[in-house]
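Asks: Sequence first, then the predicted structure, then my questions.
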Amino acid sequence: MARMKFLCDSDRCIECNACVTACKNENEVPWGINRRRVVTINDGKPGEKSISMACMHCTDAPCAAVCPVDCFYKTDDGVVLHSKDLCIGCGYCFYACPFGAPQYPQAGNFGSRGKMDKCTFCAGGPETDFSAEEFEKYGSNRLAEGKLPLCAEMCSTKALLAGDGDIIAAIYQERVTKRGYGSGAWGWATAYKTGVQAGQGPAEKKG
Amino acid sequence: MKISVLFRILAVAAMLAFAGSLTASAQTTPPAANEKELLEYLKQCPPGQTCNGRVSIPDQKSATLVQNGRMWQERMEGPVKRWGGWFLIAVVVLLALFYFVRGRVRIDSGESGQRIQRFTGFERFVHWLTATSFILLGLTGLNIRFGRSVLLPLVGEDSFASLSQLGKTVHNFTSFAFIAGLVLMLLIWIGHNLPAKGDGAWLGAGGGILKKGVHPPAGKFNAGQKLIFWAVILLGGAIAVTGLMMMFPFYFAPLAGMQLATFLHSVMAIILIGVILAHIYIGTIGMQGAFDAMGTGQVDLNWAKEHHSRWVAEMQGRKAGAAE
């Protein structure tokens, strides 16, 4: 079975924010919630890098482990989803997430959090596929249509890859081989605990 | 006395702010443009630190590249639940064992039939305000920490989620009543709970709880009660401060501070629940005549002479003085 993953190739990302816009539009993400965001390091300096970030759908998701009401679940594809009906807005998943993916609308007084919202890999939620409730709560369900997340589809430079982990790892390896160096897939060691490390491009291995 | 409370609150806040300030340098830029060093920098983002980049989105929280929550998660789900859970079970088991071995502490000379006023209406109000809010906070709080393991399998996801949703709201709002109770309790009783002569001897004799007929003298509050008072004020105060930090997320501290606050809040609350379970035991089934003190405010004179002899002497001396 395919194991869905994201990979953002920071060598190709040009910070165009198409992924951000696509996600917000496709899922009608409410004001103030940023499911996907592009983070830039060394802005304006040599070696400037941009990375598109959202939920990485971790293998051993810490958000799921720490939730007091156990509202998370993992699909067969490895996509980490949650139920907004069960969520109590306690905020623990944000403290546990290495990427800061869970977001909360301000629901009431002081710091009261509403239901947690995050990237769903365009796979909707526990509601019936394609129902109005599912769209209202979680956004569109592209995976059930056999499509991939819109952020990756819209990426202007194909920096952001989404889909079967094996396939996108192969695509990235091709790029690494062609370039002659590899930065390591950002976030993969944290999210998927795979063996992809820095400097494992074939050029380094030879040396 | 208000100063000592303020100082304590400031000390805890300062400690947490210091922990937070350690991460104030979280707005670091990576050391070099080199690919490998960049990845190393990101991989080594320390626990509780938020390592950022630059974003065009106004909300700076979007600038997070990586933050370390794994240690916090493992600690909360692991040792806190394990040690905390076993500690609470141990308290209940030990109290039950004590009851079956020692039995109820009776009034040795029997009830006198005469009553003496122990607590005024206001004192009782303050106690019950604090006590009731503590019970509500404790139950809803235990649900947040342990509910998923203990209650969820019994009632199912939907009911448990609704219960927890309600529980969270109750927990947040009841906290204000608890804080009000703590402040009032500190004001009206701090004078009676300062260390005094006889406290050492009382503690040395174990309060006489193990043997019949042993009654070391005590004032309005014996040394054991003074310990409870200070446990409630200090632990309860720290729990209140960390709780307020959690209700205003990221107002007072960044991620490291929030993680520390949640952790301390959990640990101290579990300890205080254990202490209060023992307090409830001794005030209800553990000792004959004890509940009256907070129930009606008036206690049996023999009970008072046996357990608070110095206080009885003061009260009766005052009455005799007033009569003259």
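Replies: Cool, got the structure.

Asks: Relative to B:Cys51, how far out is the spatially closest residue to A:Thr157 that is not a sequence neighbour?
Replies: Nearest residue to A:Thr157, sequence neighbours excluded (Cβ to Cβ, 6 or more residues apart in numbering or on different chains): A:Arg12, at 4.4 Å. No exception for glycine: its C-beta is placed from N, CA and C like everyone else's. Relative to B:Cys51, A:Arg12 is positioned 22 Å away (Cβ to Cβ, to the nearest Å).

Asks: who has more neighbours, these two?
Replies: The residue with more neighbours, out of A:Arg12 and B:Cys51, is B:Cys51; 24 against 15, by other Cβ atoms under 10 Å in any protein chain shown.

Asks: Hmm, that one is touching B:Leu65, no?
Replies: Yes: counting by Cβ atoms under 8 Å, B:Cys51 touches B:Leu65, with 5.2 Å between them.

Asks: and B:Ala196, how far is that from B:Trp230?
Replies: In terms of Cβ to Cβ, B:Ala196 sits 13 Å off from B:Trp230.

Asks: now B:Leu154
Replies: Taken as Cβ to Cβ, the span from B:Leu154 to B:Trp230 is 37 Å.

Asks: Now residue 67: closest residue in space, sequence neighbours ignored.
Replies: If you meant another chain, say so; for now it's chain A. Nearest one to A:Cys67, counting by Cβ to Cβ, 6+ apart, is A:Cys93 at 5.9 Å.

Asks: Let me rephrase: I mean chain B.
Replies: Nearest non-adjacent residue to B:Gln67 (Cβ to Cβ, 6+ apart): B:Thr50, at 4.4 Å.

Asks: Now do the helices in the chain.
Replies: No chain in the question, so chain A it is. Listed in chain order, the helices of chain A (DSSP state H) span A:18-27, A:62-66, A:92-96, A:132-138, A:150-154, A:165-179, A:188-192, A:202-206.

Asks: meant chain B, my bad for not saying
Replies: Using DSSP H, the helices of chain B run over residues B:2-22, B:35-43, B:70-75, B:81-102, B:121-150, B:152-155, B:157-189, B:199-204, B:223-247, B:255-283, B:291-295, B:301-307, B:309-323.

Asks: Now distance to B:Gln114 and mean neighbour count too, for the ones you listed, in CSV please.
Replies: Below are those laid out as CSV (distance: least, Cβ to Cβ, whole Å; neighbours: other Cβ atoms under 10 Å in any protein chain shown):
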stretch, distance to B:Gln114, mean neighbour count
helix B:2-22, 38, 14
helix B:35-43, 75, 18
helix B:70-75, 55, 18
helix B:81-102, 27, 13
helix B:121-150, 20, 18
helix B:152-155, 50, 13
helix B:157-189, 25, 18
helix B:199-204, 25, 15
helix B:223-247, 23, 20
helix B:255-283, 22, 20
helix B:291-295, 13, 17
helix B:301-307, 4, 21
helix B:309-323, 11, 13
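
Asks: With mean pLDDT added, can I get these in JSON lines?
Replies: As requested, the helices of chain B are exported to JSON lines (pLDDT from 0 to 100):
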{"stretch": "helix B:2-22", "mean pLDDT": "59"}
{"stretch": "helix B:35-43", "mean pLDDT": "64"}
{"stretch": "helix B:70-75", "mean pLDDT": "82"}
{"stretch": "helix B:81-102", "mean pLDDT": "95"}
{"stretch": "helix B:121-150", "mean pLDDT": "96"}
{"stretch": "helix B:152-155", "mean pLDDT": "94"}
{"stretch": "helix B:157-189", "mean pLDDT": "95"}
{"stretch": "helix B:199-204", "mean pLDDT": "90"}
{"stretch": "helix B:223-247", "mean pLDDT": "95"}
{"stretch": "helix B:255-283", "mean pLDDT": "94"}
{"stretch": "helix B:291-295", "mean pLDDT": "93"}
{"stretch": "helix B:301-307", "mean pLDDT": "91"}
{"stretch": "helix B:309-323", "mean pLDDT": "80"}
